[in-house]
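1. Sequence first, predicted model second:
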Amino acid sequence: CCILCSSIALAAQRPSQSPLEQEIFGYVNLAVNYIFLCECVLKITGMGFFKYLRSKWNQLDFFLVVTSLPDLIVDTLGLDGSALKAFQFIKVFRIFRALRPLRVISRAKGLKIVLGTVARAVGPVMNTVAIAMAVFFVFGIMAVQLIGNTTSYCTNLFILTKEDCVGVNEDGSIIEWRN
(Lines give C-alpha, C1' and ligand atoms only; values in the text may rest on other atoms or scores of the structure.)
Protein backbone atom coordinates (compact mmCIF):
# COMPACT_ATOMS: atom_id res chain seq x y z
CA CYS A 1 0.00 0.00 0.00
CA CYS A 2 2.79 2.43 0.91
CA ILE A 3 4.75 1.56 -2.20
CA LEU A 4 1.65 2.14 -4.34
CA CYS A 5 0.94 5.51 -2.68
CA SER A 6 4.57 6.52 -3.07
CA SER A 7 4.61 5.52 -6.74
CA ILE A 8 1.36 7.36 -7.51
CA ALA A 9 2.59 10.49 -5.72
CA LEU A 10 5.90 10.32 -7.56
CA ALA A 11 4.19 9.86 -10.93
CA ALA A 12 1.73 12.70 -10.29
CA GLN A 13 4.38 15.27 -9.43
CA ARG A 14 5.15 17.85 -12.07
CA PRO A 15 6.93 21.22 -12.18
CA SER A 16 3.78 23.38 -12.45
CA GLN A 17 1.95 22.19 -9.33
CA SER A 18 -0.27 24.29 -7.18
CA PRO A 19 0.92 24.94 -3.61
CA LEU A 20 -1.85 22.64 -2.31
CA GLU A 21 -0.66 19.75 -4.50
CA GLN A 22 2.93 20.33 -3.42
CA GLU A 23 1.88 20.24 0.22
CA ILE A 24 -0.16 17.04 -0.24
CA PHE A 25 2.67 15.26 -2.08
CA GLY A 26 5.11 16.51 0.56
CA TYR A 27 3.01 14.93 3.33
CA VAL A 28 2.62 11.68 1.38
CA ASN A 29 6.38 11.52 0.85
CA LEU A 30 7.02 12.28 4.50
CA ALA A 31 4.58 9.60 5.69
CA VAL A 32 5.98 6.98 3.32
CA ASN A 33 9.56 7.81 4.36
CA TYR A 34 8.66 7.40 8.04
CA ILE A 35 6.91 4.08 7.39
CA PHE A 36 9.90 2.74 5.43
CA LEU A 37 12.27 3.98 8.14
CA CYS A 38 10.24 2.27 10.88
CA GLU A 39 10.13 -0.95 8.85
CA CYS A 40 13.91 -0.84 8.36
CA VAL A 41 14.59 -0.16 12.05
CA LEU A 42 12.26 -2.97 13.14
CA LYS A 43 13.89 -5.45 10.74
CA ILE A 44 17.39 -4.48 11.87
CA THR A 45 16.33 -4.75 15.52
CA GLY A 46 14.75 -8.16 14.98
CA MET A 47 17.35 -9.70 12.67
CA GLY A 48 20.54 -7.88 13.56
CA PHE A 49 22.31 -5.48 11.20
CA PHE A 50 24.64 -7.89 9.39
CA LYS A 51 22.05 -10.63 9.02
CA TYR A 52 19.64 -8.01 7.68
CA LEU A 53 22.13 -6.92 5.04
CA ARG A 54 22.78 -10.47 3.76
CA SER A 55 19.70 -10.29 1.55
CA LYS A 56 20.05 -8.25 -1.66
CA TRP A 57 16.45 -7.06 -1.29
CA ASN A 58 17.15 -5.80 2.23
CA GLN A 59 20.24 -4.03 0.87
CA LEU A 60 17.99 -2.27 -1.65
CA ASP A 61 15.51 -1.34 1.10
CA PHE A 62 18.34 -0.07 3.31
CA PHE A 63 19.79 1.98 0.44
CA LEU A 64 16.40 3.58 -0.26
CA VAL A 65 15.89 4.40 3.42
CA VAL A 66 19.40 5.84 3.85
CA THR A 67 19.10 8.00 0.71
CA SER A 68 15.71 9.30 1.89
CA LEU A 69 17.05 10.30 5.33
CA PRO A 70 18.52 13.69 4.29
CA ASP A 71 15.25 14.65 2.63
CA LEU A 72 13.34 13.40 5.69
CA ILE A 73 15.51 15.44 8.08
CA VAL A 74 15.16 18.63 6.06
CA ASP A 75 11.37 18.19 5.79
CA THR A 76 10.96 17.29 9.49
CA LEU A 77 12.97 20.29 10.67
CA GLY A 78 11.04 22.55 8.32
CA LEU A 79 14.15 23.67 6.50
CA ASP A 80 13.74 24.75 2.91
CA GLY A 81 16.47 23.51 0.58
CA SER A 82 16.07 26.57 -1.65
CA ALA A 83 16.40 28.98 1.28
CA LEU A 84 19.58 27.48 2.72
CA LYS A 85 22.44 27.00 0.27
CA ALA A 86 23.92 24.23 2.44
CA PHE A 87 20.84 22.07 1.90
CA GLN A 88 20.47 22.46 -1.87
CA PHE A 89 22.35 19.21 -2.56
CA ILE A 90 19.64 17.34 -0.62
CA LYS A 91 17.35 17.53 -3.66
CA VAL A 92 19.71 15.15 -5.49
CA PHE A 93 18.73 12.31 -3.14
CA ARG A 94 15.08 12.62 -4.20
CA ILE A 95 15.92 10.88 -7.47
CA PHE A 96 16.26 7.58 -5.62
CA ARG A 97 12.54 7.66 -4.83
CA ALA A 98 12.04 6.31 -8.34
CA LEU A 99 13.52 3.00 -7.12
CA ARG A 100 10.79 2.47 -4.52
CA PRO A 101 8.59 0.33 -6.80
CA LEU A 102 11.41 -2.22 -6.82
CA ARG A 103 10.49 -3.01 -3.22
CA VAL A 104 7.36 -4.73 -4.52
CA ILE A 105 9.54 -7.40 -6.11
CA SER A 106 11.01 -8.36 -2.75
CA ARG A 107 7.54 -9.10 -1.38
CA ALA A 108 6.06 -11.06 -4.30
CA LYS A 109 7.47 -14.52 -4.97
CA GLY A 110 5.99 -14.60 -8.47
CA LEU A 111 7.78 -11.39 -9.40
CA LYS A 112 11.04 -12.75 -7.96
CA ILE A 113 10.70 -15.82 -10.18
CA VAL A 114 9.99 -13.70 -13.25
CA LEU A 115 12.90 -11.36 -12.49
CA GLY A 116 15.23 -14.32 -11.94
CA THR A 117 14.16 -15.86 -15.24
CA VAL A 118 14.69 -12.59 -17.09
CA ALA A 119 18.11 -12.17 -15.47
CA ARG A 120 19.14 -15.70 -16.53
CA ALA A 121 17.90 -15.03 -20.07
CA VAL A 122 20.06 -11.93 -20.51
CA GLY A 123 23.22 -13.96 -21.31
CA PRO A 124 21.75 -16.05 -24.13
CA VAL A 125 19.93 -13.02 -25.53
CA MET A 126 23.19 -11.06 -25.59
CA ASN A 127 24.81 -13.92 -27.54
CA THR A 128 22.02 -13.71 -30.08
CA VAL A 129 22.33 -9.92 -30.25
CA ALA A 130 26.09 -10.21 -30.82
CA ILE A 131 25.55 -12.65 -33.70
CA ALA A 132 22.87 -10.39 -35.22
CA MET A 133 25.16 -7.35 -34.92
CA ALA A 134 27.97 -9.25 -36.68
CA VAL A 135 25.58 -10.19 -39.52
CA PHE A 136 24.36 -6.57 -39.79
CA PHE A 137 27.98 -5.39 -39.88
CA VAL A 138 28.87 -7.78 -42.71
CA PHE A 139 25.80 -6.79 -44.72
CA GLY A 140 26.56 -3.13 -44.07
CA ILE A 141 30.05 -3.53 -45.50
CA MET A 142 28.64 -5.38 -48.50
CA ALA A 143 26.05 -2.65 -49.11
CA VAL A 144 28.68 0.08 -49.02
CA GLN A 145 30.86 -1.84 -51.47
CA LEU A 146 28.02 -2.67 -53.86
CA ILE A 147 25.91 0.49 -53.87
CA GLY A 148 28.20 3.06 -52.24
CA ASN A 149 28.79 5.17 -55.36
CA THR A 150 25.35 4.73 -56.92
CA THR A 151 23.69 7.24 -54.64
CA SER A 152 25.24 10.24 -56.44
CA TYR A 153 22.91 12.49 -58.43
CA CYS A 154 22.74 15.63 -60.52
CA THR A 155 20.92 18.69 -59.23
CA ASN A 156 19.03 18.71 -62.55
CA LEU A 157 16.87 15.59 -62.27
CA PHE A 158 16.66 15.14 -66.06
CA ILE A 159 20.45 14.60 -66.39
CA LEU A 160 21.57 11.04 -65.54
CA THR A 161 25.36 10.98 -66.14
CA LYS A 162 28.16 12.84 -64.41
CA GLU A 163 29.66 13.95 -67.71
CA ASP A 164 26.44 15.72 -68.78
CA CYS A 165 25.93 17.37 -65.36
CA VAL A 166 27.41 20.78 -66.15
CA GLY A 167 26.01 24.22 -66.85
CA VAL A 168 23.32 26.46 -65.47
CA ASN A 169 19.58 25.81 -65.00
CA GLU A 170 16.89 28.09 -66.45
CA ASP A 171 16.46 29.74 -63.05
CA GLY A 172 20.19 30.62 -62.90
CA SER A 173 21.27 27.94 -60.39
CA ILE A 174 24.42 25.97 -61.14
CA ILE A 175 24.02 22.34 -62.25
CA GLU A 176 26.36 20.15 -60.21
CA TRP A 177 26.98 16.51 -59.34
CA ARG A 178 26.44 15.64 -55.65
CA ASN A 179 27.63 12.53 -53.84
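-> Great, that's in hand.
2. and residue 106, what does it touch?
-> 57-58, 60-61, 112 (Cβ atoms under 8 Å, 6 or more residues apart in numbering). Bear in mind the C-beta positions are built from the backbone N, C-alpha and C, glycine included.
3. Go again with 10 Å.
-> Taking Cβ atoms under 10 Å, 6 or more residues apart in numbering, we find residue 106 in contact with 55-58, 60-61, 112, 115.
4. Which strand or helix spans residue 103?
-> Using DSSP states H and E, residue 103 sits in helix 103-107.
5. For that helix, buried residues please.
-> 103, 106 (16 or more other Cβ atoms under 10 Å).
6. Tell me the helix or strand right after that helix.
-> Next element after helix 103-107 (DSSP H and E): helix 109-147.
7. got TSV for the contacts of residue 106, with secondary structure and distance to residue 22 too?
-> Shown next, in TSV, are the contacts of residue 106 (DSSP: H, G, I helix; E, B strand; the rest coil; distance: Cβ to Cβ, whole Å):
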residue	secondary structure	distance to residue 22
55	coil	36
56	helix	35
57	helix	32
58	helix	32
60	helix	28
61	helix	27
112	helix	36
115	helix	34
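8. Give the buried subset of those residues as a ChimeraX selection command.
-> Buried subset of those, written as a ChimeraX selection, criterion 16+ other Cβ under 10 Å:
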select :58,60,61
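9. Just the closest of the contacts of residue 106 to residue 15, please.
-> residue 60 (28.4 Å; Cβ to Cβ).
10. Name the nearest residue to the closest one, ignoring sequence neighbours.
-> residue 102 (6.1 Å; Cβ to Cβ, 6 or more residues apart in numbering).
11. Now do the one you found, the pLDDT please.
-> With respect to pLDDT, residue 102 has a value of 73.
12. what does residue 117 give?
-> 90.
13. Any chance of the backbone angles for residue 24?
-> Note on residue 24: backbone dihedrals following degrees, to the nearest 10 are phi -60, psi -50.
14. residues touching it, list them.
-> Neighbours of residue 24 in contact, by Cβ under 10 Å, 6+ apart: 9, 12, 17-18.
15. do that again at 8 Å, thanks
-> Taking Cβ under 8 Å, 6+ apart as the definition, residue 24 has no contacts.
16. before we move on, the earlier item: just checking, the residue nearest to residue 60 touches residue 63?
-> No - Residue 102 is beyond contact range of residue 63, at 10.1 Å (criterion: Cβ atoms under 8 Å).
17. what about these two, which has more around it?
-> Higher neighbour count among residue 102 and residue 63: residue 102, with 15 against 12, using other Cβ atoms under 10 Å.
18. Would you mind measuring from the more buried one to residue 42?
-> Counting by Cβ to Cβ, to the nearest Å, the separation of residue 102 from residue 42 is 20 Å.
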